[in-house]
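Enquirer: Build me a structure from this.
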Amino acid sequence: MAFKLKNMLKLLAAVCCWWALSPSAHAKSVEQLLQYAIEISPEVATAKAQMQVAQADLKISEAAWLPQASARLYNGVGDTKQSNPFANQRNANENIQNNSISLQQSIYNKPASIQIEQTQLTVQEAELRHALAVQTTIQNWLAKLMDYKQSKALLNLTEHKQQTALLQKEHVEQGVMNGENSALELANAESEAALRQAEHGQAEQAVKQRLWELSQLTGQEVVPVWVDDIEFNIPPTLHNEKELEQEVLQNNLGLKIQQLYKQAATLEINKANGQHHPTLKLVAQYSQSQSETVSTLGNRVEQNMLAIQMDIPLFNGFATQAQTEKAAASLNQQHADYNKTSAQVLRDTQAAHRQLNSATHLWKAYTQADRAATQQQLAIETAIKHQLATPLDLAKAKEKLTELQMKKMEYLRAANKAYLLVHELTGKLNIEGALERLSKRE
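Expert: The predicted structure is shown next:
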């Protein structure tokens, strides 16, 4: 009884180990893999660090408007000379002590106020660049997944071609034995079979390379069973091109960043002009000083002060004028860069729109051809049962069907790439939108 129980425990342990090591036991969804890719993306990490730097700069800018407190302590030796119309007095080798505490609060400082607005724009830019990095990571990951699926389809095609070449070789060998084919035809068939075998090996290596590239983007090894049953859906057709262009101009992240640059350049002009403005501070100070000499035991003075300090700029060597001219030139440059970027974005949108419509129409055409080839294959399978066709005929039909499916996948891939690009240009590309492009094969 104890022996049977021991064997059952060993069997249970073996099953548990197999389950733990099985890839399907730790299968990852596409959403999880995309999250991993975003987390380890160097572009996303850089953008996140830039956000932190911008937020710290904003705190530094806002600190200029908080109360500034300071204390000063010094102890030294001095030589004081006092004079008036009636008498002169000099205290040599005088020990001097001075202690003070001061508190300052800015009331009006136009350049400092504008600096806060500029830093707020920098924070917004960093947030937009982070969103842009996330979009780029999603698009790159899906592109690598498409490359992997395409390489798997090519591998399937080379398998069918290899099978056709082997059946053709057997057919020619039989013909040589029956005197229907020559030795040259057999040599050609053998050469074709060897070539197809080499293509199949090359396709296998391509699949491994594409899977490795996908794993590198994900940050962990991607097991084929996690993604082999994933298929891309045909995206919907976009008809209204004018509405699409307006949406791009309003929501494109790159254009939003250029708009922030224009606002920052305008603020820089105001900041340069603001250097002509006076600055106001509220100053509160308490000071205590004491001096001693050989002839005097000590002289202590305490002072409490509450005042408004005004600093008026008078002349700084025309630096303010030069800074204003520089800021105005920068604003003109930002306007030119915005127009250039918007024109390029519209061209990319139109190209992606045309590619999407063209690829969708071709995919539909190859879908019809796929159905016809499938019916032809079924007819050949039926003919084989009645000895009206040969396995070689069936292999050729399967090869033709696989080639059509390969072309169909190419246009499906092109349509999805164009659709994802349109979503990126309109600022809508996210994980949820990406998952809508995918489905699980039943």
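Enquirer: what residue is smack in the middle of the chain?
Expert: Central residue of the chain (C-alpha atoms, centre = their mean): residue 133, 1.8 Å from the mean position.
Enquirer: now that residue: how far from residue 38?
Expert: As for residue 133, its distance to residue 38 is 9 Å (criterion: C-beta to C-beta, to the nearest Å). For glycine as for every other residue, the C-beta is placed from the backbone atoms N, C-alpha and C.
Enquirer: And residue 143, by the same measure?
Expert: As judged by C-beta to C-beta, residue 143 and residue 38 stand 15 Å apart.
Enquirer: can you check residue 353 too?
Expert: Applying C-beta to C-beta, the value for residue 353 to residue 38 is 27 Å.
Enquirer: same question, residue 238
Expert: 26 Å.
Enquirer: Next, find the distance separating residue 179 from residue 302.
Expert: 129 Å.
Enquirer: Neighbour count for the two, which is higher?
Expert: Higher neighbour count among residue 179 and residue 302: residue 302, with 10 against 7, using other C-beta atoms under 10 Å.
Enquirer: before we move on, the earlier item: which residue of residue 353 and residue 38 possesses the greater neighbour count?
Expert: With other C-beta under 10 Å as the criterion, residue 353 and residue 38 differ in neighbour count, and residue 353 comes out ahead with 22 against 19.
Enquirer: And the pLDDT at that one?
Expert: pLDDT for residue 353: 93.
Enquirer: same for the helix or strand harbouring it, what does it pack against?
Expert: Using DSSP states H and E, the element containing residue 353 is helix 319-385. Under the contact criterion of 3 or more C-beta pairs under 8 Å, 6 or more residues apart in numbering; DSSP states H and E, helix 319-385 touches helix 241-251, helix 253-273, helix 391-425.
Enquirer: can you list those helices in JSON lines and add distance to residue 309, mean neighbour count and mean pLDDT?
Expert: What follows is the helices and strands packed on helix 319-385, written out as JSON lines (distance: least, C-beta to C-beta, whole Å; neighbours: other C-beta atoms under 10 Å; pLDDT from 0 to 100):
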{"stretch": "helix 241-251", "distance to residue 309": "47", "mean neighbour count": "14", "mean pLDDT": "91"}
{"stretch": "helix 253-273", "distance to residue 309": "21", "mean neighbour count": "19", "mean pLDDT": "94"}
{"stretch": "helix 391-425", "distance to residue 309": "53", "mean neighbour count": "20", "mean pLDDT": "94"}
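Enquirer: So which of those helices is nearest residue 170?
Expert: Closest approach to residue 170 among the helices and strands packed on helix 319-385 is made by helix 391-425 (8.2 Å; C-beta to C-beta).
Enquirer: Just want the angle from the closest one to helix 253-273.
Expert: 20 degrees (axes from the mean of the first three to the mean of the last three C-alpha atoms, to 10 degrees).
Enquirer: Poorly predicted segments of the stretch 251-400 of the chain, please.
Expert: For the stretch 251-400 of the chain, residues meeting the criterion pLDDT under 70 lie at 291-299.
Enquirer: which neighbours do residue 133 and residue 38 share?
Expert: The contact sets of residue 133 and residue 38 overlap at residue 44 (C-beta atoms under 8 Å, 6 or more residues apart in numbering).
Enquirer: which residues of the stretch 51-200 of the chain fall in strands?
Expert: Per DSSP state E, counting those that start in this stretch, the stretch 51-200 of the chain carries strands over the ranges 68-83, 88-108.
Enquirer: residues contacting the closest residue to residue 75 other than its chain neighbours?
Expert: In this structure, residue 75 finds its nearest non-sequential neighbour in residue 97, 5.0 Å apart by C-beta to C-beta, 6 or more residues apart in numbering. Each residue near residue 97 by C-beta under 8 Å, 6+ apart is listed here: 74-75, 289-291.
Enquirer: How much space separates residue 97 from residue 286?
Expert: In this view, residue 97 and residue 286 are 15 Å apart by C-beta to C-beta.
Enquirer: With residue 276 instead?
Expert: Distance, residue 276 to residue 286, using C-beta to C-beta: 34 Å.
Enquirer: now residue 224
Expert: Counting by C-beta to C-beta, the gap from residue 224 to residue 286 is 76 Å.
Enquirer: Tell me, how many residues neighbour residue 107?
Expert: Residue 107 has 13 nearby residues by other C-beta under 10 Å.
Enquirer: My guess is residue 279 contacts residue 106. True?
Expert: Yes. Contact status for residue 279 versus residue 106: in contact at 7.3 Å, counting by C-beta atoms under 8 Å.
Enquirer: Run through the stretch 51-200 of the chain and note the low-pLDDT ranges.
Expert: Using pLDDT under 70, the stretch 51-200 of the chain drops low at 78-94.
Enquirer: check contacts around the residue lying closest to residue 142 once chain neighbours are set aside.
Expert: Computed as C-beta to C-beta, 6+ apart, the closest residue to residue 142 that is not its neighbour in sequence is residue 434, at 5.9 Å. By C-beta under 8 Å, 6+ apart, the contact set of residue 434 is 34, 138, 142, 420.
Enquirer: Buried residues, the helix or strand hosting residue 434. List them.
Expert: Using DSSP H and E, residue 434 maps to helix 431-435. Neighbour counts using 16 or more other C-beta atoms under 10 Å place residue 434 of helix 431-435 among the buried residues.
Enquirer: Restricting to C-alpha, output that helix in PDB.
Expert: Presented in PDB, the C-alpha positions along helix 431-435 are these (Å, rounded to 0.1, in the frame of the first residue of the first chain):
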ATOM      1  CA  ILE A 431      -3.500  49.200 -26.600                       C
ATOM      2  CA  GLU A 432      -7.300  48.900 -26.800                       C
ATOM      3  CA  GLY A 433      -7.300  50.100 -30.500                       C
ATOM      4  CA  ALA A 434      -4.400  47.700 -31.300                       C
ATOM      5  CA  LEU A 435      -6.300  44.800 -29.800                       C
END
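Enquirer: partners of the helix or strand just after it, with directions?
Expert: Scanning forward in sequence from helix 431-435 by DSSP H and E, the next helix or strand is strand 438-440. Using DSSP bridges, the strands paired with strand 438-440 are strand 230-232 (antiparallel).
Enquirer: SS state for residue 283?
Expert: strand (DSSP: H, G, I helix; E, B strand; the rest coil).
Enquirer: show me what contacts it?
Expert: 102-104, 305-309.
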